[in-house]
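Student: following is a predicted model, sequence given first.
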Amino acid sequence: MRIGELATAVGVTTRTVRHYHHLGLLPEPERRSNGYRDYSLRHAVVLARIRRLTELGLGLAEVRDVLADDAGRDLAEVLGELDEDLARQEAAIRERRERLRVLMADAEQGRLPAEGPVSPELTAFFREVAEQDGEGYASAMAAKDREILALIETGAPPEVRETLLASMRAAFEAPGAVERAHRAYALLDALADADPGDPRVEEAALALAECIPEALVPDGADADGRDSFLRAFYADFAPAQAEAVRRTLRIVTGVTEGRR
């Protein structure tokens with residue numbers, strides 16, 4: 001058989017056959033005098049087995065182990081590992097579908113936050129804040145805060161996410177927390193077109209510092225923005241707002257260091 005006939009017989013492409021030759025999975029046959037490869041039935045049998053193994057989900061390195069003359073890993077062992085991996089994927093899919101079900105239910109009831117999708121826990125927290133915060137929830141700076149919380153949650157490990165949410169909930173439930181947040185957001189919103197030297201910048205920084213839980217203060221934070229993430233963070237605000245946030249970070253990191 002020529003390569004095209006072999007590929008057709010097994011249901012793969014000639015490129016796949018050549019790739020398997022390159023990887024050493026499929027031995028190359030002798031060439032005829034005219035230069036064409038001459039494939040035997042044995043090549044078709046091996047190629048068909050490779051196809052069946054890859055369709056089960058085995059990687060090509062695992063297929064090589066199964067096909068190796070020295071036996072490599074036993075096929076039963078490889079299939080067992082594959083089954084365990086598929087079970088993990090299956091559990092992950094069930095978890096994702098459950099999360100999706102909750103998000104869809106929230107969307108149908110108009111409770112899905114604009115920053116979504118976020119975790120069900122953060123969705124619930126945003127909903128609680130919206131219900132108690134009233135008009136303050138619509139503040140432009142409040143929306144930025146929620147975006148940052150969603151960003152932190154996305155990149156943080158589970159234990160950090162739990163600590164973050166617990167800290168935010170505790171801060172929100174503290175007496176006068178909603179009123180303090182309203183004032184801080186209003187002051188920051190008012191700086192949208194202000195100059196960084198505006199005297200209201202310091203007032204906004206002090207007000208915002210009163211709202212930030214200590215657990216949210218990053219260790220070793222560089223308030224001046226030499227860190228690339230902080231530079232991008234400040235750049236997302238108007239100049240006066242960025243200066244207020246910069247001063248806030250100086251205040252809270254100073255307070256945190258004093259507590260230590």
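Tutor: Structure received.
Student: low-confidence ranges in the chain?
Tutor: In the predicted model of the chain, residues 69-74, 106-107, 109-116, 133-137, 215-227, 255-260 satisfy pLDDT under 70.
Student: could you point out the longest helix in it?
Tutor: helix 75-108 (DSSP state H).
Student: what's it packed up against?
Tutor: helix 60-67, helix 120-133 (3 or more C-beta pairs under 8 Å, 6 or more residues apart in numbering; DSSP states H and E). Quick note: C-beta positions are derived from backbone N, CA and C, even for glycine.
Student: which residue is the nearest non-sequential neighbour of residue 170?
Tutor: Leaving aside its sequence neighbours, residue 170 sits nearest to residue 213 (C-beta to C-beta, 6 or more residues apart in numbering; 6.9 Å).
Student: give me the number of neighbouring residues for the one you found.
Tutor: Residue 213 is flanked by 18 other residues according to other C-beta atoms under 10 Å.
Student: residues touching it, list them.
Tutor: Residues near residue 213 by C-beta atoms under 8 Å, 6 or more residues apart in numbering: 167-168, 170-171.
Student: change it to 10 Å
Tutor: For residue 213, the contacting residues are 163-164, 166-172, 174, 177, 252, by C-beta atoms under 10 Å, 6 or more residues apart in numbering.
Student: same deal with residue 36?
Tutor: Shown in contact with residue 36 (C-beta under 10 Å, 6+ apart): 1-3, 29.
Student: ok, which pair from these is furthest apart?
Tutor: 2 and 29 (10.1 Å; C-beta to C-beta).
Student: so what sits against both of the two?
Tutor: Shared contacts of residue 2 and residue 29, defined by C-beta under 10 Å, 6+ apart, are found at 36-39.
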